[in-house]
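Peer 1: model this:
(one chain, ligands or ions: 3)
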Amino acid sequence: MAKFEVVNHPLIQHKLTIIRDKDCSTKVFREVTNEIGMLMAYEITRDLPLEDIEIETPIMKTTQKQIAGKKLAIVPILRAGLGMVDGIMDMIPAARVGHIGMYRDPDTLEAIEYFAKFPQDIHERRVFVVDPMLATGVSAITALNQLTTKYNVKEENITFVCLVAAPEGIKALQEAHPNVDIYTAALDEKLNEHGYIIPGLGDAGDRIFGTK
Ligand SMILES: O=P(O)(O)OC[C@H]1O[C@H](OP(=O)(O)OP(=O)(O)O)[C@H](O)[C@@H]1O
Ligand SMILES: O=c1cc[nH]c(=O)[nH]1
Ligand SMILES: [Mg+2]
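Peer 2: Ligands and ions are numbered 1, 2, ... in the order given. Below is the predicted model of the structure:
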């Protein structure tokens, strides 16, 4: 089984509380979501391999470390996933960005796909799929189905990163893609009858883009 980690660093928990508050403005919600993305980047890249490199300081030649191995890609699930991309990119600026557009049908909770565009060599990259919310898990599973079957990305090379997860979504995602690492900033209580996470933070996309 792959990793499942709740990243409960105090800074992340504090910032998450700010965006959970219903009175948080769109501007602050967007800024703080990106800040949490940046902090999560620190944790999700913890096991990136390093290699030796020779450099010269002003004093002498020395062998030091640099990140080695696979190239990286960030794949936000539109729209809400976009809210985390800039923050993560601040930490790994060389990463390429793919996009997958998807919305949840409010009645059936099915994921409806409307867009996909990935770097050509996505199957050779370590891929971070990002979406602030993991509720039923259907959107994440649909996105990962597409990456693994249509674009040949190995599950072992995928990390799913979210801010708020429901236990139902974690279970479904682990069953569908057992070799994908999952990182979340919070594991909430459960889903309500409309498929929203409780206590959650509401509809992340609407809150990031001010559409409601
Ligand atoms: O785990 P699930 O039950 O599939 O729910 C989670 C999905 O729902 C939200 O997207 P939404 O459909 O609201 O689209 P949006 O990002 O455009 O707002 C969220 O950003 C996830 O993609
Ligand atoms: O709580 C939820 C569930 C799905 N999508 C959201 O944005 N929030
Ligand atoms: Mg939404």
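Peer 1: could you pull out the helices for this protein?
Peer 2: In the chain, the helices defined using DSSP state H lie at 10-20, 26-44, 82-91, 138-145, 167-176, 204-209.
Peer 1: Out of those helices, which one sits most buried?
Peer 2: helix 138-145 (a mean of 22; mean count of other C-beta atoms under 10 Å). Bear in mind the C-beta positions are built from the backbone N, C-alpha and C, glycine included.
Peer 1: mind checking how far stretch 172-184 is from the chain centre?
Peer 2: 12 Å (C-alpha atoms, centre = their mean, to the nearest Å).
Peer 1: is any part of that stretch close to ligand 1?
Peer 2: No: shown here: stretch 172-184 not in contact with ligand 1 (C-beta under 6 Å from any ligand atom), separated by at least 8.2 Å.
Peer 1: Identify the residue of this protein closest to ligand 1, quick one.
Peer 2: Gly205 (2.1 Å; C-beta to the nearest ligand atom).
Peer 1: ok, now which ones touch that residue?
Peer 2: 79-80, 211 (C-beta atoms under 8 Å, 6 or more residues apart in numbering).
Peer 1: For the residue nearest the centre of the chain, list each beta-bridge partner.
Peer 2: With distances taken as C-alpha atoms, centre = their mean, Val130 lies nearest the centre of the chain, 2.3 Å away. Beta-bridge partners recorded for Val130 (DSSP bridges): Pro76, Val161.
Peer 1: so which of the helices of the chain gets nearest ligand 2?
Peer 2: It is, among the helices of the chain and with distance given as C-beta to the nearest ligand atom, helix 204-209, at 3.9 Å.
Peer 1: Make sure Asp105 is actually in contact with Ile112.
Peer 2: Yes: applying C-beta atoms under 8 Å, one finds Asp105 in contact with Ile112, separated by 5.8 Å.
Peer 1: about what we covered before: return the closest of the contacts of Gly205 with respect to Ala186.
Peer 2: Ala80 (15.2 Å; C-beta to C-beta).
Peer 1: Against ligand 2, how distant is the closest one?
Peer 2: Noted for Ala80: a distance of 6 Å to ligand 2, by C-beta to the nearest ligand atom, to the nearest Å.
Peer 1: So for that residue, what's the pLDDT?
Peer 2: pLDDT for Ala80: 98.
Peer 1: Start the count at 20 instead of 1 going forward.
Peer 2: Understood, numbering begins at 20; the last thing we discussed is Ala99.
Peer 1: count of residues packed around it?
Peer 2: When neighbours are defined as other C-beta atoms under 10 Å, Ala99 has 25 of them.
Peer 1: can you tell me which residues contact it?
Peer 2: Counted by C-beta under 8 Å, 6+ apart, Ala99 has contacts 150-152, 223-224, 227.
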